[in-house]
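**Q** heads up, no residue letters with this:
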Ligand SMILES: O=P(O)(O)OC[C@H]1O[C@@H](O)[C@H](O)[C@@H](O)[C@@H]1O
């Protein structure tokens, strides 16, 4: 998929130091937006934290045993957040100059391979999810409700192969016409975030041109993916990455909670059309 940033004149290039101030969520112009592409973990559900803790359970003892620089939350945001599972492992290992054999998806969690480590983290993630369950962010559900009332179309775009389980546990499975997750991406050979391809695919499945879609993301890799594609709007949700970082990476609007966008969605003139 080509990088078609040129279609979006309103956001700074990723890494551009001259950050343009983001737009006020209450007055953002949503006139052209008909499709809404939601990230899952950290946007719809608080499961980014579950992922974060599971990664820490993996990498804290792993790095200590190798005498490498200790693992911290900053590592999650910089190297792992929002990326597909094994890409997260590769990025973190690269940050410490550690090379491991790739192994295979069937590797047991005890294997000292890229896939073994990813599988170890996944076991920790599923353990926590089963113990604690998951409730969606109420403010995100409020935005979903407003979009539905306005006739917009919604999709989930997640790097996670656990997305169906998380959506089901959160009671959100029936809310989405389209889900492009880690399973779909692997099946279709789509590169994960920060590449824009999974978002582009979701727009295509919704039947809405990318220029009429908004990308909603909390992760650096996810906002970068939105900024790398020809999307109408990139909305950053600040769950810890920081407003400035999200804006610098290309978020046009940054919110603390998604219900900040409800007035703008509700104030739209007339119902939205279903497809392109
Ligand atoms: O659940 P999976 O398939 O291991 O996916 C991993 C990733 O899924 C993403 O949705 C999270 O934002 C990441 O931080 C996480 O590492």
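**A** Okay, I see it. It should be emphasised that the depicted structure is a prediction, and the values quoted were computed from it without experimental measurement.
**Q** how does the chain divide into domains?
**A** 5-46+135-266, 48-132 (automatic domain parsing).
**Q** Averaging pLDDT over each of those, report the lowest-scoring one.
**A** Lowest mean pLDDT of these: domain 5-46+135-266, a mean of 91.
**Q** Residues of the stretch 1-150 of the chain that sit close to the ligand?
**A** By CB under 6 Å from any ligand atom, the residues of the stretch 1-150 of the chain that approach the ligand are 40, 41, 42, 48, 51, 80, 81, 82, 85, 88, 122. Backbone N, C-alpha and C define where each C-beta goes, glycine included.
**Q** so the fifth one, which of the three states?
**A** The reference is to residue 51. Assigned with DSSP: H, G, I helix; E, B strand; the rest coil, residue 51 falls in the helix class.
**Q** Now for it: which residues touch it?
**A** 41, 81, 125, 160 (CB atoms under 8 Å, 6 or more residues apart in numbering).
**Q** Pull up the gap between it and residue 217, please.
**A** 14 Å (CB to CB, to the nearest Å).
**Q** What residue, apart from its backbone neighbours, is nearest residue 166 spatially?
**A** Using CB to CB, 6 or more residues apart in numbering and skipping residues adjacent in sequence, the residue nearest residue 166 is residue 47, 5.4 Å away.
**Q** swap in residue 49?
**A** residue 42 (7.8 Å).
**Q** what does residue 99 give?
**A** residue 93 (7.0 Å).
**Q** so which strand or helix has the one you found?
**A** helix 85-95 (DSSP states H and E).
**Q** Check which residues of the next helix-or-strand element following that helix are buried.
**A** Of the helices and strands lying after helix 85-95 in sequence (DSSP H and E), the nearest is helix 114-132. Judged by neighbour count (16 or more other CB atoms under 10 Å), helix 114-132 contains these buried residues: 114-122, 124-125, 128-129.
**Q** What residues does the residue of the stretch 1-150 of the chain found nearest the ligand make contact with?
**A** Closest approach between the stretch 1-150 of the chain and the ligand, counting by CB to the nearest ligand atom: residue 85, at 3.4 Å. Neighbour list for residue 85: 118, 121, 122, 159, 160, 161, 182 [criterion: CB under 8 Å, 6+ apart].
**Q** one more time with 6 Å, if that's ok
**A** For residue 85, the contacting residues are residue 118, by CB atoms under 6 Å, 6 or more residues apart in numbering.
**Q** One more: residue 81?
**A** residue 219.
**Q** hmm, try it at 8 Å
**A** Per CB under 8 Å, 6+ apart, neighbours of residue 81: 42, 48, 51, 52, 88, 219, 220, 221, 241.
**Q** Got the phi and psi for it?
**A** Dihedral angles of residue 81 (phi, psi; degrees, to the nearest 10) stand at phi -50, psi 130.
**Q** tell me the angle the helix holding residue 93 makes with helix 114-132.
**A** 120 degrees (axes from the mean of the first three to the mean of the last three CA atoms, to 10 degrees).
**Q** quick one: the strands in this structure?
**A** 35-38, 153-157, 178-180, 213-217, 233-237, 253-255 (DSSP state E).
**Q** what's the burial count for residue 243?
**A** Other residues within reach of residue 243, judged by other CB atoms under 10 Å, total 15.
**Q** most tightly surrounded among the domains of the chain?
**A** domain 5-46+135-266 (a mean of 21; mean count of other CB atoms under 10 Å).
**Q** Just want the most central residue of this protein.
**A** The residue lying closest to the centre of the chain (CA atoms, centre = their mean) is residue 39, at 4.0 Å.
**Q** Angles on the backbone of it, please.
**A** Per degrees, to the nearest 10, the backbone of residue 39 is at phi -70, psi 160.
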